[in-house]
Structure formats: C-alpha cells, structure tokens
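Visitor: Below: sequence and its predicted model.
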Amino acid sequence: MAKRETKTERKERIEKVLHALDSEYGTEYICYLNHETPWQLLIAVILSAQCTDARVNLVTVDLFQKYKSPKNFAEAELKELEKDIHSLGFYHMKAKNIISCCQDLMNKFGGNVPDTMEELLSLAGVGRKTANVILGNIYDQPSIVVDTHVKRISIKLGFAKSEDPEKIEYELMKVLPKEHWILWNIQIITLGRSICVARKPKCGECFLRELCPSAQV
DNA sequence: CTCCCGATAT
DNA sequence: ATATCAGGAG
C-alpha cells in the first residue's frame, strides 16, 4: 500500500504546483471570453455553458453589434435571439434566460450587473460558476470558479474529492491561498485546454507531472 | 436526478 | 460513432 502524503508534504506540493503554474502561465488575470463591459461578460458566460469559449467569441462579435445594451436583450424577440445564438447549443433555454436576466438587470438593478453572490444567483441562467466569474473578474472579489476543467484537474491533483462543484469550491478555498483563488481558474483552464485534456491527457509533456498523483507516464 | 443541444476533436 | 465543451433549471 502506497504511503499517504503527510500534511507537510501536501502543503509543500501545493506551493510547488502554484509556483509552477505562475512561472508557466504568468499571474495576469486574463479572460478568454471577449467583452468590453460587465453585462457583456455576463451574457458571454451564460452562453458558454457546455461549449468552448472560442465559439462563444465567434457569436458575440455579431451579437454585441446587434444588441448594444441589456435593454436591447430585455426587449429582444425570443425566436430571433434563438437564431442568433443557435450554434452554441442549448439555445432555447439560453435565449429565454438571457432575456429574463436582462429584464431583471433593467428593472431591479438599474441596468447594472450586481456585485453580490445572492443578487447574481437571482438572475435567470446564472449559477455559482457564472456568479463567481463576475465577482472575480469584474469586481475583483476573491472567488473560485469551478467549471469542467477546474473540477477534473483539481480532483486529479488531489486538491478536491467531491463531485459536486459547490463542494469543490469550498474544498479549494481551504487548500489554496486567497491571493490565488481567481488565478487558479484561469491557469487551470489554460492547462486543461492544452495539456490536461479530458479525453487523453498529455502527462508526458505536462510541467506538473512530478507533482501530480494522477500523472501517467 | 434528467433534460437541454450544436460544433468539434478523436 | 462518441466524448467533450468556462452549466443551469426543473
């Protein structure tokens, strides 16, 4: 039976992983979803459910030319908006949610994107993942975004055990220093898209392979 | 828990 | 053919 990692060893491994991520990917808070305003990011994240950010960016180029404000989305025709976002999948639900969400932005929040978890979660189409993206990226509020990449890789690294994204969020909060919460998401997505891909991870070329309990070489 | 759903990579 | 993609609602 393999020897269990001690608390000290675990703490050291976490530090090394964070340092490796910082030196490989940098510490800049970049965003893969193109946007110029908070409400545009909100729409983009709602659209990004179960679809790649590259394809969301392809659609939002034209979408934000056509709908220039939350008010335009709030007054949009459902069928027409469905056509505009059709290629992203889940288009019926996403279109309905975006219209409802923007109606609430106009009627309850003065056309602005709210800055609390509770208010964000009250918006249609907004769950914890989307809310945390807004809190972290727009309002610079320490938060952990658990998407498919963060879930998969956090479990592989042994930093989370649960299957429930909300529980993973809390597990990671205990393990990661607060200064690294926002950064974790973007770095892990970068890793998850290129090396630690879901189907056939390229452990052989991963800079974390010596620090990862799941590495297959 | 199930359902929503098109595009892409393998 | 099938797994996967910056998930969320009912």
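Guide: Structure's in. What do you need? Note that the structure is a prediction, hence the values are computed from the model and not measured.

Visitor: Only C-alpha atoms from now on, for both contacts and neighbour counts.
Guide: Will do.

Visitor: what sits against residue A:123?
Guide: Listed by Cα atoms under 8 Å, 6 or more residues apart in numbering, the contact set of residue A:123 reads A:100-101, A:104.

Visitor: now do residue A:127
Guide: Going by Cα under 8 Å, 6+ apart, the list of residues near residue A:127 reads A:120-121.

Visitor: ok, now residue A:128?
Guide: By Cα under 8 Å, 6+ apart, residue A:128 lies in contact with A:117, A:121, A:145, A:166.

Visitor: Among those, name the buried ones.
Guide: A:117, A:121, A:145 (16 or more other Cα atoms under 10 Å).

Visitor: Those in helices, which ones?
Guide: Among the buried ones among the contacts of residue A:128, the members falling in helices (DSSP state H) are A:117, A:121.

Visitor: will you turn the buried ones among the contacts of residue A:128 into a markdown table that also has pLDDT and distance to DNA strand C?
Guide: What follows is these, written out as a markdown table (pLDDT from 0 to 100; distance: Cα to the nearest atom of the strand, whole Å):
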| residue | pLDDT | distance to DNA strand C |
| --- | --- | --- |
| A:117 | 98 | 11 |
| A:121 | 98 | 7 |
| A:145 | 98 | 6 |
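
Visitor: quick one: which of the buried ones among the contacts of residue A:128 is nearest to residue A:181?
Guide: residue A:145 (8.3 Å; Cα to Cα).

Visitor: was I right about the closest one contacting residue A:137?
Guide: No: Residue A:145 is beyond contact range of residue A:137, at 10.3 Å (criterion: Cα atoms under 8 Å).

Visitor: Mutual contacts of those two, please.
Guide: Shared contacts of residue A:145 and residue A:137, defined by Cα under 8 Å, 6+ apart, comprise residue A:182.

Visitor: got a list of what residue A:202 touches?
Guide: Contact analysis of residue A:202 by Cα under 8 Å, 6+ apart lists A:195-196.

Visitor: can you check the one 4 residues further on too?
Guide: For residue A:206, the contacting residues are A:195-196, by Cα under 8 Å, 6+ apart.

Visitor: Likewise for residue A:25?
Guide: Going by Cα under 8 Å, 6+ apart, residue A:25 touches A:187, A:190.

Visitor: Phi, psi for residue A:38 please.
Guide: With angles defined as degrees, to the nearest 10, residue A:38 sits at phi -60, psi -40.

Visitor: Touching, it and residue A:138? I think so.
Guide: Yes: shown here, residue A:38 and residue A:138 form a contact pair, counting by Cα under 8 Å, at 6.4 Å.

Visitor: Residue ranges in chain A under the pLDDT threshold?
Guide: Within chain A, the stretches with pLDDT under 70 are A:1-3.

Visitor: Return the residues of it in contact with DNA strand B.
Guide: Counting by Cα under 7 Å from any atom of the strand, chain A comes close to DNA strand B at A:50-52, A:86-94.

Visitor: Pull the contacting residues for residue A:173.
Guide: A:144, A:181.

Visitor: so where does it fall, helix or strand?
Guide: Take DSSP states H and E as the rule and residue A:173 turns out to sit in helix A:165-175.

Visitor: quick check, that helix touching DNA strand C?
Guide: No: Helix A:165-175 stays clear of DNA strand C (Cα under 7 Å from any atom of the strand), getting no nearer than 8.3 Å.
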